[in-house]
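Enquirer: build the 3D model from these lines:
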Amino acid sequence: MNARTDWIPPLSASLLLATVALAPMHAQTSPRDSSSGSASAAAQRADESDILEQPRFEVVGERDRLPVIGGSADTFGAIALEQSRVVTVNEALRRVPGVVVRDEEGFGLRPNIGLRGLNPTRTTKLTLLEDAIPLAYAPYGDNASYYHPPVDRYVGIEVLKGAHSLLFGPQTIGGVINYLTPDAPRSPSGFVQASIGNRSFLNAHLRVGGRGALLDYTRKQGDGARENLEHEIDDLNLKYTFRFADRHTLTLRANYYTEDSQVTYSGLTLAEYQNLGARYNPFENDGFDITRTGISATHRVEFSESADLTTNLYHSEFDRDWWRQSSNSQDGQHGAGAVVWVIDGVSATFLQHRLAGRRVDPSTQFASAQGRLRAYDTTGIESRYSLRTSAGEFQTGLKLHREEQNRRQINGNAPTARTGTLAEDNFRKTDAWSVFAAHRFELGSFALTPIARYEAMDFDRLNRLTGVAGTASVDRFLPGLGATWRASDTTTLFAGIHRGFAPPRVEDLIGGAGTVTDVDAEKSLNSEIGVRADLMEGVSIQAALFRQDFDNLIAVGSIAGGGTPLSQGEAVFEGAELGVYGRFSGGFRTRLAYTNVFTARQASPFVNVASKIAIPGSVAGNRQPYAPRHTLTAAIGYTLARVDAELEAQYIGEHFTDFANTVAASADGQRGVIEAATVWNATVNFRATDTLTLFATGKNLADKTYITDRTRGIVVGMPRLVQFGARFTF
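Expert: Sure, this is the predicted structure:
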């Protein structure tokens, strides 16, 4: 079936008119389910507090919704983030079972997030949302994360896996991560916070609001994990929420983000790592600049206490200029691999010197720079209707979405060049629409939730240099079923099964010559079974067994310049995850997040999409790369009077980095086992007065040097970071 978008407007109008017309009729005969987390209940809670709760789609929601979610669900809020004084979103997400996060530059600005064994490279295997609005700049046509807001912006994080992830999309193979921004206060209030530390670290944060308005600003800067990695970001968010006409609530948002970083793309060769140290980085001329502007509006109308319609309208513009001299540890950009230089009395090419571990100077020995210039415009509208009855809850929704990509490559002939010869000029467009319907049927202590989702998209690509264009269409019907059983007031068993889906990138589906590549969308059958329980007062657990069986899993070439070809194949992931959370008398608390991916098997050799030849070393039975078997985050905290302290350990197990499961490190650093590593963090908070809190935190206290990535050469984690700060509330 081919996707068709020319009839989207009539379909959209029909669905919205139907839901508006039917909602009051159903509501008249349907009593309100007070446990469903309705919009009316939310508004009532807001009326009773000093916070004006903004309308938004519910991804996980309040704790009392967990018993009706037929799948794994985790959520934590502002208190947890403040107690740990998290510096990056990577650090925050590691407290969730099933999540693997790989550090890149040390600030979490380009997170690599994977769920349940899936490759975390560029966070391509899951859906990222902010207040349930798409956060990725091209979730359909290029779902890669080269941008991420600072974790300071958020007051909560939700992670949803399993069948209920079909309520969102388009990536439904891994799960959904939803970041929550703060609601606006009714009365004037806010805080100012600042911290400083080693590695030139500075973090300033202002949040102030009142009368339904909110301003949130973060300035963060410092040195990254290696030499010549300097970062400066500014993040400004504005929000206004108000109620009108009794049953209507509207939130308007605007955000502006800039990043000015000195970031290289190349990792280290093995000899550079051994001879010159883990922090070595010679590419001081590289630069990375981002500007992102976003606006959105969320409207909720409450037809009754049991029926409501929520609509998101969103638009974002993302511009990225990345000028770099090398894209990986084997890059011979602009013929630099053939030029001979004398270093330490040895005549060799630039690359040969790197492979030998000699200190190079790209300012004189590498007379070129390459600009990868990207601009994305994303626009969409999504409406969701919810009706709660005595028998359960019905939900349906429709999303219309458009993405436009402008991608250029400019080759400069000087180390610091920022202009030159145009080598690539591509325009790519994606028009997509999706619809879903779900109904939770409550049968005493049992609940069944069948879910159906349909995704359809049209892709276009135009090579402006040659005038060649190509088009392609993809669509998919995705069924799922979630189930829960309230075994007791404190224990819920859950299970689910669903079809997973992720669309291919436009550039992978349509070649530069306009031809359609024989690459399929990612397809999987995902299932899980688990339990949520309160074991005793203050102690809760969530445990699950999962299986993800892929008919087709896409492995995108992660080395810029085509060093690793696009490949696809069959794969199976199986594992167990456990989360434990406890608060005890006497001020002690503890938490644990453990994942064991005991199966991450290549079920067939992965095949180069273009040549149809198996990737060297890829055989059925080998383990998938970047899929550690064991990951663990554990912490213990203690509160006494005005002092709160926490000690945390974050462990990631040994894992392979290529399909061949190569153990020994290669000379270019791009292959070889990544050894297990444990990082220790500690935080102390002191509430000096009711309005002033002082804090100190240490990340990677032991200053452990450890490898995090080999996709472009050896990349290492952040060294010890110690900070001191204060927060003043008003």
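Enquirer: using CSV, write out every CA atom in the particular helix or strand that has residue 570 in it.
Expert: Here residue 570 sits within strand 567-583, counting by DSSP states H and E. Only the C-alpha atoms of strand 567-583 are listed here, as CSV (Å, rounded to 0.1, in the frame of the first residue of the first chain):
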residue,chain,number,x,y,z
SER,A,567,23.0,-2.5,6.4
GLN,A,568,19.9,-4.5,7.5
GLY,A,569,19.1,-7.9,8.9
GLU,A,570,17.2,-9.9,11.4
ALA,A,571,17.8,-9.7,15.1
VAL,A,572,16.5,-10.8,18.5
PHE,A,573,16.8,-9.0,21.8
GLU,A,574,15.7,-10.6,25.1
GLY,A,575,16.3,-9.5,28.6
ALA,A,576,15.1,-8.6,32.1
GLU,A,577,14.9,-5.3,33.9
LEU,A,578,14.4,-4.3,37.5
GLY,A,579,13.7,-1.0,39.2
VAL,A,580,13.6,-0.7,43.0
TYR,A,581,12.8,2.5,44.9
GLY,A,582,12.8,2.8,48.6
ARG,A,583,12.3,5.5,51.3
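Enquirer: how about that strand, which residues are buried there?
Expert: Across strand 567-583, burial judged by 16 or more other C-beta atoms under 10 Å covers 567-582. Where you see a C-beta, it was placed from the backbone N, CA and C, and this is true even at glycine.
Enquirer: the helix or strand following that strand - contacts with which helices or strands?
Expert: Downstream of strand 567-583, the next assigned helix or strand under DSSP H and E is strand 588-602. Applying 3 or more C-beta pairs under 8 Å, 6 or more residues apart in numbering; DSSP states H and E, we find strand 588-602 packed against strand 99-102, strand 567-583, strand 630-640.
Enquirer: so what's residue 412 up against?
Expert: Residue 412 makes contact with 323, 368-371, 418-421, according to C-beta atoms under 8 Å, 6 or more residues apart in numbering.
Enquirer: now do 6 Å
Expert: Neighbouring residues of residue 412 by C-beta atoms under 6 Å, 6 or more residues apart in numbering: 369, 420.
Enquirer: same question for residue 677.
Expert: Residue 677 makes contacts with residue 706, as judged by C-beta under 6 Å, 6+ apart.
Enquirer: now the helices and strands packed on strand 588-602 in TSV, with mean pLDDT and distance to residue 304?
Expert: Output for the helices and strands packed on strand 588-602, formatted as TSV (pLDDT from 0 to 100; distance: least, C-beta to C-beta, whole Å):
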stretch	mean pLDDT	distance to residue 304
strand 99-102	96	38
strand 567-583	96	36
strand 630-640	98	43
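Enquirer: of all those, which one comes closest to residue 725?
Expert: strand 630-640 (18.3 Å; C-beta to C-beta).
Enquirer: hey, C-alpha coordinates of that closest one in CSV?
Expert: Taking C-alpha atoms only, strand 630-640 is exported to CSV below (Å, rounded to 0.1, in the frame of the first residue of the first chain):
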residue,chain,number,x,y,z
HIS,A,630,24.6,-5.7,32.1
THR,A,631,23.9,-2.1,33.1
LEU,A,632,23.3,-0.9,36.7
THR,A,633,22.7,2.3,38.4
ALA,A,634,22.3,2.3,42.2
ALA,A,635,22.2,5.1,44.8
ILE,A,636,21.8,5.5,48.5
GLY,A,637,20.7,8.8,50.0
TYR,A,638,20.3,10.3,53.5
THR,A,639,18.4,13.3,54.8
LEU,A,640,19.1,14.8,58.2
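Enquirer: got the contact list for it?
Expert: Residues external to strand 630-640 that are found in contact with it (C-beta under 6 Å, 6+ apart): 94-95, 100, 587-596, 645-653.
Enquirer: repeat that for 8 Å
Expert: With C-beta under 8 Å, 6+ apart, strand 630-640 has contacts from 83-84, 94-95, 99-100, 587-596, 644-653, 676.
Enquirer: now the buried members of those residues.
Expert: For those, a neighbour count by 16+ other C-beta under 10 Å gives the buried set as 83-84, 94-95, 99-100, 589-596, 644-648, 650-653.
Enquirer: in the protein, which residue is most central in space?
Expert: In the chain, the residue lying closest to the centroid (C-alpha atoms, centre = their mean) is residue 128, at 4.8 Å.
Enquirer: right, and that one touches residue 137 too?
Expert: No: using C-beta atoms under 8 Å, residue 128 is not in contact with residue 137, being 10.2 Å away.
Enquirer: can I get the host helix or strand of residue 685 as PDB, trimmed to CA atoms?
Expert: Using DSSP H and E, residue 685 maps to strand 677-687. What follows is strand 677-687, C-alpha atoms only, in PDB (Å, rounded to 0.1, in the frame of the first residue of the first chain):
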ATOM      1  CA  ALA A 677      33.300   0.700  33.600                       C
ATOM      2  CA  THR A 678      31.800   2.100  36.900                       C
ATOM      3  CA  VAL A 679      31.500   5.800  37.600                       C
ATOM      4  CA  TRP A 680      30.900   7.200  41.100                       C
ATOM      5  CA  ASN A 681      28.900  10.400  41.700                       C
ATOM      6  CA  ALA A 682      28.100  12.200  45.000                       C
ATOM      7  CA  THR A 683      26.000  15.200  45.900                       C
ATOM      8  CA  VAL A 684      25.500  17.200  49.100                       C
ATOM      9  CA  ASN A 685      22.700  19.700  49.500                       C
ATOM     10  CA  PHE A 686      22.400  22.100  52.500                       C
ATOM     11  CA  ARG A 687      19.200  24.100  53.000                       C
END
